[in-house]
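A.B. asks: Sequence first, predicted model second:
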Amino acid sequence: MLEHKHHLPTTNDAPSSIVAVLFSQKLKDINDQIAKLQQACQNCLIVLAPIRHLPLEIFSAIFTETLSPEDLTTLQVKGPLSLLKYKEAKRWLGRSAELPKTLVVQNVAPDPWLKDYWSKNSSQTELRAWNNLQWLDLTFSSWGKKEEDNPKDSIFRHLPLVTTFALELPSYCNGEDCSLVFHLSPNFLCNLTHLTLWCNWDKSKIMGTLQHCMNLESLKLDFCSTLEEYLAQTPSTWLDALQSSGIHLVKLRRMDPVGILQDTVEIALRYIKASALEELDLDFESEGQGRGSIVVECGCRRRLEALSRCLDVEDIAKATNPLP
């Protein structure tokens, strides 16, 4: 209809109300088209901008200087942590002044290339961004034979001094774990107040780790599901020697030992002395041959306030008899 009104812009004639509405709508359509063209033009300028030729390291320096740390506390690296992903993570971390308070890394597999790269390129000064991390959760999907024989080469040697730590190691049975070793530094363990450990490897490795956790307030040990023949093995000489002194966790308030057999849980508690324990949550699928009192073993009977365990009537009497 506007085709018949093309003469109006060249005259002083006043438009009718209908014509005014038509021209207003036409003007709106033109403005919409202009906005789309401007956005398309802006996109082309972004792609062709000279700044795109700058290295990412320069961007990192710019972001670090111009943005506050609160604006740079999100990190997401999809997929397994490999050498390629580590470089990607390091590049992203370089853009931030600090890490978020919580970091979860899953599907980790020890990678010799990653370990070699880390040892050659990671110094303590480069890891300052870890300092504010308080909670760390690591899940390993596999673990190579004799992967961590040397503590100096341990994949855990650069861990920040977090207070809450969860470590899930792959489950092995039939003695497959005999050559498997992991090393956590005494300083790292001493700083922990909350520890969760999923591991069914040789019990001496687990107990050896706990020796340095003197500031723990909460502990969960999950021994995972393994074969009964393996779990029922006689404790090693090393563990027998440790039993005389015990592992004293004087600040421990809550403990959750989990195992497929009662014997396994009792063996672990035989070495842990927690005089300040207030809450004990026991979880095992079937009983073994041992009938020792778990409450007496861990030395907490005068402070214990909560005991959680699935029992029949006879076992309830045995478990509560040592309590004051």
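C.D. replies: Okay, I see it.
A.B. asks: ok, how many other residues are close to the residue nearest to residue 219 when sequence neighbours are not counted?
C.D. replies: Distances taken as Cβ to Cβ, 6 or more residues apart in numbering put residue 255 closest to residue 219, at 4.9 Å, once the chain neighbours are dropped. In short, each C-beta sits where N, CA and C put it, glycine included. Neighbourhood size, residue 255 [other Cβ atoms under 10 Å]: 23.
A.B. asks: Can you tell me the SS state at residue 255?
C.D. replies: Three-state assignment for residue 255 (DSSP: H, G, I helix; E, B strand; the rest coil): strand.
A.B. asks: Could I get the contacting residues of it?
C.D. replies: Contacts for residue 255 (Cβ atoms under 8 Å, 6 or more residues apart in numbering) come out as 218-221, 272, 274, 277, 279-281, 298.
A.B. asks: Give the buried subset of the residues you listed as a PyMOL selection command.
C.D. replies: Per 16 or more other Cβ atoms under 10 Å, the buried members of those correspond to this PyMOL selection:
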select buried, resi 218+219+220+221+272+274+277+279+280+298
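A.B. asks: Now pLDDT too, for the contacts of residue 255, in CSV please.
C.D. replies: Putting the contacts of residue 255 into CSV (pLDDT from 0 to 100) gives the following:
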residue, pLDDT
218, 92
219, 90
220, 88
221, 82
272, 81
274, 80
277, 82
279, 82
280, 78
281, 76
298, 52
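A.B. asks: what ranges do the helices span in the stretch 151-300 of the chain?
C.D. replies: For the stretch 151-300 of the chain, the helices defined by DSSP state H, counting those that start in this stretch occupy 186-190, 203-210, 228-231, 237-245, 262-271, 294-297.
A.B. asks: Can you check what pLDDT the model gives residue 299?
C.D. replies: Residue 299 is assigned 49 on the pLDDT scale.
A.B. asks: Next: residue 94.
C.D. replies: Looking at residue 94, the pLDDT reads 58.
A.B. asks: repeat for residue 167
C.D. replies: pLDDT recorded at residue 167 is 88.
A.B. asks: wait, isn't it in contact with residue 198?
C.D. replies: Yes - counting by Cβ atoms under 8 Å, residue 167 does reach residue 198; the two are 7.1 Å apart.
A.B. asks: returning to that earlier point: out of the helices of the stretch 151-300 of the chain, point me to the one whose mean pLDDT is lowest.
C.D. replies: helix 228-231 (a mean of 43).
A.B. asks: Looking at the contacts of residue 255, which are in strands?
C.D. replies: When DSSP state E defines the strands, the subset of those inside them is 218-221, 272, 279-281.
A.B. asks: Quickly note the distance from residue 137 to residue 46.
C.D. replies: 38 Å (Cβ to Cβ, to the nearest Å).
A.B. asks: related to what we said a few turns ago, just the ones in strands among the contacts of residue 255 now: which is nearest residue 249?
C.D. replies: residue 272 (6.2 Å; Cβ to Cβ).
A.B. asks: okay, now the nearest residue to that closest one once chain neighbours are set aside: neighbour count?
C.D. replies: Excluding the flanking residues, the one nearest residue 272 by Cβ to Cβ, 6+ apart is residue 247, at 5.1 Å. Residue 247: 21 surrounding residues under other Cβ under 10 Å.
A.B. asks: Tell me the pLDDT of residue 247.
C.D. replies: For residue 247, the model assigns a pLDDT of 82.
A.B. asks: does it really touch residue 273, like I thought?
C.D. replies: Yes - the criterion here is Cβ under 8 Å, and residue 247 meets it with residue 273 at 6.5 Å.
A.B. asks: count of neighbours near residue 208?
C.D. replies: 16.
A.B. asks: do residue 141 as well
C.D. replies: For residue 141, using other Cβ under 10 Å, the count is 12.
A.B. asks: hang on, isn't it packed against residue 170?
C.D. replies: Yes - using Cβ under 8 Å as the test, residue 141 is close enough to residue 170 to be in contact (6.4 Å).
A.B. asks: May I see the buried residues of the strand or helix carrying residue 44?
C.D. replies: Here residue 44 is covered by helix 17-48, with elements defined by DSSP states H and E. By neighbour count on 16+ other Cβ under 10 Å, the buried set for helix 17-48 is residue 19.
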